[in-house]
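Participant: Sharing a model that was predicted from the sequence below.
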Amino acid sequence: MTVAQANPIRAAGGPRGEGGGAATRMLVEVSDLSKTFDVSAPWLNRVIERQPRRFVHAVDGVSFAIERGRTLALVGESGCGKSTVARLLVGLYGPTRGQVRFDGADVVHTLQHGDARALRRRMQMIFQDPYASLNPRWRVRDIVGEPLREHAIVTDTQALRERAAQLLQSVGLAAADVDKFPHQFSGGQRQRISIARALATQPEFLVCDEPTSALDVSVQAQVLNIMKDLQRQQGLTYLFISHNLAVVRHVSDQVGVMYLGRLVELADKQHLFASPRHPYTRMLLDAIPDIHMTGRSRTPVQGEVPNPLNPPPGCAFHPRCPHANARCKAERPVLLASQGVAVACHAVAEGRV
Amino acid sequence: MNGSAPLLEVRGLRVEFPTRRGTLLALDDVSFDIAAGEVLGVVGESGAGKSLTGAAIIGLLEPPGRIAAGEIRLEGQRIDHLPYEQMRAIRGRKIGAIFQDPLTSLNPLYSVGQQLVETIQTHLPLGAAQARQRAIQLLAQTGIPAPEHRIDQYPHQFSGGMRQRVVIALALAAEPKLIVADEPTTALDVSIQAQIISLLKRVCREHGAAVMLVTHDMGVIAETCDRVAVMYAGRIAEIGPVHDVINQPAHPYTQGLMGSIPAMDSDRERLLQIDGAMPRLNAIPAGCAFNPRCPQAFERCRRERPELAVARATRAACWLNVEASVS
C-alpha cells in the first residue's frame, strides 16, 4: 500500500533514523537545512544610524529525502527559498544549520575534507536561463566537454569531440552541432546543451532549477519529454524546482510546497493534487489557470507574500489564511506526517480543515 | 454608432523592419475584429508577432518597424498613420495600455496620484480636486486598500501586484473603449496573477471596455477571453471562440500547442511535442509558415499560402481544412 511511499516522509518529518535500512534507498537526505543571509547595512551606517543587524532566513528547517530514480519537486512563489535549497544541495552555498547527505555521506564535509571531485561528478545542476548559463565564446564541444576534461574522464581531443557528439545526440541534437556556438541555437536547443553538459559526467543526481521557465510551451514539452526519457534510460534522480504546478504534476513523484523558507506540505504527487491539505497548497492549486476551465469564476485568495525580512509571527501564512486563529498567529506549526502526507498547519492537525 | 460594427477592425496589417540585410516581415496580412466589450486573446510563442500587433494598434511600433500595408480602424476611423499628436490624444483616451512590467510603466519620480491626475486631466476636462477624487475612486476600484493614503505614495512603496493594479487604474483613467494588455500577469506570481486577471475582467466589464489580451499563457486566455487568435510566425493561424479553439482546434499548430501544455487533469506520460522551433523572420518558409514542423503537411502546403477559412467551429489558415471542405 502506501507504506513504501510513506518512507521518504517518515525520514523527512520524523526523527532521523541513523543507519536505518531506508537510508540506502534514499540518494539524497536533507535534515533541518537552514540558510541565513546577512543583509545588514554596512558597519559604519549601523553605528551612525543605530541600525540593528538584519538577517533573511531564506531557508529555515527544511527536511526531505529523495529516493533513487525518482523526482522530488519543490514549488512555491518567488522568494520562498526553493532556489536556495537547490544551491545548498549541490554545495554552491554552505548551510547555516542542518545537513545534506548524499548517498549516506555529508555533502559539506565531503566537499571540504573528502573527495570533492568524486562527489561533484555524481551531482550536476541545470540552470534556468540557457542564455546566461552557456559561455557565448565557447564552441558547443568545449561547453559539453568541459566536465569531461575537468574530471579527466576523457582527455584526448578527438575522443572528447566524439563523446560530446554522443551526448548531444542523447538530447536530440545533431552530432554536427559540436562545432557551433551557443548563439546559433534557439532557447530550447540551448537548454538541451545544458542538459547534455550536466549528463557528461554520468551523474546520478540532477538539480534542475526552473529548467523550462524561460522556454515557450512547445519547446518546454520537448525538454520535459527528454528529461523523462533520460530518467527512464539512466535511472537519474531529480530535484526539480518550479513555480508551475502543472509542470510539476507532469514530472514529479513527490512534491514539496514551500512558503517563506519553510516546507508547508510534502506528499506524493497523487495525494497532493487529489487532496491538498495545507491551505496554501489549496490556494496555489486553485490559482492556476487551466485551459479546460474556460469562463471559470473563482475567488482568488487575498493578500501577497510577506516581506521575508520581517515575516509574520507564528505560521507565516496566517495573514492570508481563511482558517487562521489565535494559535496560528502565535505558534509556528511543525511538519507533521500522517497517512503518507506531511503538513505544517495547526488547522489540519486540529482537524479544523 | 452602429451597434453591429466592430469597435476595432484590423485589415491586412503588415509590419516590416527594414534592415541592412533586407526587409524582415514581422506581421503579414493580419486581420481581425474586436467588438465593443469583448475580450480577445492573442496567443503565440515568442517571436510570433503578438506583442507587435498590440504595439501597431496603439501606435507605438519601435522604429525602424513600420506599418507597410493594411489598415487599423477604431470606431470606423483610421488610426494607422495618424500624426503623432493626434495619436497621442487617442492613446489613453480611447485606447488604454497595460504592459508586462509594472515597474517600468510607472515613473519612479512621481507619486502614483500625480501620475493618475496627470493622465485624467490630459484626457478629461476636470479640475485638480475632481481629478484627485477620481484617482482615489479608480484606486479603490482596482482593489488598493486605503486609497486616500496610498495615492501620495511612490511606485517603489508598492509591491508588484499592487503596482500592476495602479497600472490598470491608469489605463482606465479616461474611460477608454479598448484596452491593449500585453502580458499583464507574466511578471507576477501565480496567486497574484489570479487576483489581477479577475480584477481586469471585472473592471473592464464595469467600464464596458473591450480588451485585447496578449499572452503566451493559454490558461489565462481560457479563463479570461471570449475569442482567441493563435499567431504563428507573424500570421494568424487560427481564430475563434475560446472554447472551440481549445477543445476542437482545426489547425495542426493549435493542436500541437494544446497538447504540449501540461494539463492538471491528464496523466499522459509524454507530452505531445511539436518538433523544431518557430522560423526566424529572415527565413520564413514558402507556403504555409508551419509546414516544416507540421506532421500532416503535403505538397500544396509547401507551395501556396493558406488563408483563414471556416473550419469546423473556428477559422483556420490550413489547407487540410480547405481540402476537407471541398471533398
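Facilitator: That came in fine, so what should we check first? Numbering: from 1, shown residues only, chains lettered A, B, ... in the order given.

Participant: And B:Met162, which helix or strand is it part of?
Facilitator: Per DSSP states H and E, B:Met162 falls inside helix B:160-172.

Participant: now B:Leu257
Facilitator: helix B:252-260.

Participant: Give the closest residue to A:Val144 in space, chain neighbours not counted.
Facilitator: Excluding the flanking residues, the one nearest A:Val144 by C-beta to C-beta, 6 or more residues apart in numbering or on different chains is A:Ala164, at 4.3 Å. All C-beta spots, glycine's among them, are computed from the backbone N, C-alpha and C.

Participant: And what about the closest residue to chain A within the stretch 151-300 of chain B, helix, strand or coil?
Facilitator: Residue nearest to chain A within the stretch 151-300 of chain B: B:Gly219 (3.0 Å; C-beta to the nearest C-beta). Recorded secondary structure, B:Gly219: helix (DSSP: H, G, I helix; E, B strand; the rest coil).

Participant: related to what we said a few turns ago, please work out which residues outside the helix or strand following the helix holding B:Leu257 touch it.
Facilitator: Next along the chain after helix B:252-260, taking DSSP H and E as the criterion, comes helix B:299-303. By C-beta atoms under 8 Å, 6 or more residues apart in numbering or on different chains, the residues outside helix B:299-303 that reach it are B:285-288, B:291, B:294, B:319, B:323.

Participant: okay, the residues you listed in TSV with neighbour count next?
Facilitator: Output for the contacts of helix B:299-303, formatted as TSV (neighbours: other C-beta atoms under 10 Å in any protein chain shown):
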residue	neighbour count
B:Pro285	15
B:Ala286	11
B:Gly287	18
B:Cys288	27
B:Asn291	20
B:Cys294	22
B:Trp319	24
B:Glu323	11
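
Participant: from the residues you listed, which is closest to A:Ser31?
Facilitator: B:Cys294 (51.4 Å; C-beta to C-beta).

Participant: correct me, but that closest one touches B:Tyr253?
Facilitator: Yes - at 7.3 Å, B:Cys294 counts as touching B:Tyr253 under the criterion of C-beta atoms under 8 Å.

Participant: near chain A, which residues of the stretch 51-200 of chain B show up?
Facilitator: Along the stretch 51-200 of chain B, the residues adjacent to chain A under the rule C-beta under 8 Å from any C-beta of the partner chain are B:159, B:161-162, B:189-195, B:197-198.

Participant: Among those residues, the buried ones, what's the PyMOL command?
Facilitator: To isolate the buried subset of these in PyMOL, counting by 16 or more other C-beta atoms under 10 Å in any protein chain shown, use the following:
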select buried, chain B and resi 161+162+189+190+191+192+193+194+195+197+198
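
Participant: Of the residues of the stretch 51-200 of chain B next to chain A, which is the nearest to B:Met264?
Facilitator: Lowest distance from B:Met264 to those (C-beta to C-beta) belongs to B:Val190, with 12.5 Å.

Participant: Is it correct that A:Leu245 is in contact with A:Leu284?
Facilitator: Yes - counting by C-beta under 8 Å, A:Leu284 is a contact partner of A:Leu245 at 6.2 Å.

Participant: Report the contact partners of the closest residue to A:Leu74 other than its chain neighbours.
Facilitator: Excluding the flanking residues, the one nearest A:Leu74 by C-beta to C-beta, 6+ apart is A:Lys82, at 4.5 Å. Counting by C-beta under 8 Å, 6+ apart, A:Lys82 touches A:74-76, A:241, A:243, A:258.

Participant: Look at the most centrally placed residue in chain B and give its secondary structure.
Facilitator: Nearest to the mean C-alpha position of chain B, counting by C-alpha atoms, centre = their mean, stands B:Val214 at 2.8 Å. Using three-state DSSP, the structure places B:Val214 in strand.

Participant: give me the beta-bridge partners of it?
Facilitator: B:Val42, B:Asp182 (DSSP bridges).

Participant: Can you report how many residues lie near A:Val85?
Facilitator: Residues near A:Val85, counting by other C-beta atoms under 10 Å in any protein chain shown, number 29.

Participant: Next, it: secondary structure please.
Facilitator: Quick answer, by three-state DSSP: A:Val85 is helix.

Participant: got it, and A:Asp129?
Facilitator: Classification of A:Asp129 by three-state DSSP places it in coil.

Participant: I'd say it and A:Pro211 touch.
Facilitator: No - at 10.0 Å, A:Asp129 does not count as touching A:Pro211 under the criterion of C-beta under 8 Å.

Participant: that older thread, closest to B:Leu116 out of the residues of the stretch 51-200 of chain B next to chain A?
Facilitator: B:Met162 (13.8 Å).

Participant: In this structure that closest one contacts B:Ile144, no?
Facilitator: Yes - counting by C-beta under 8 Å, B:Met162 does reach B:Ile144; the two are 6.3 Å apart.

Participant: and for these two, which residues touch both?
Facilitator: By C-beta under 8 Å, 6+ apart, no residue touches both B:Met162 and B:Ile144.

Participant: contacting residues around A:Ala347?
Facilitator: When contacts are counted by C-beta under 8 Å, 6+ apart, A:Ala347 touches A:279, A:321, A:323-325, A:328, A:353.

Participant: ignore the last one, A:His183
Facilitator: A:Pro136.
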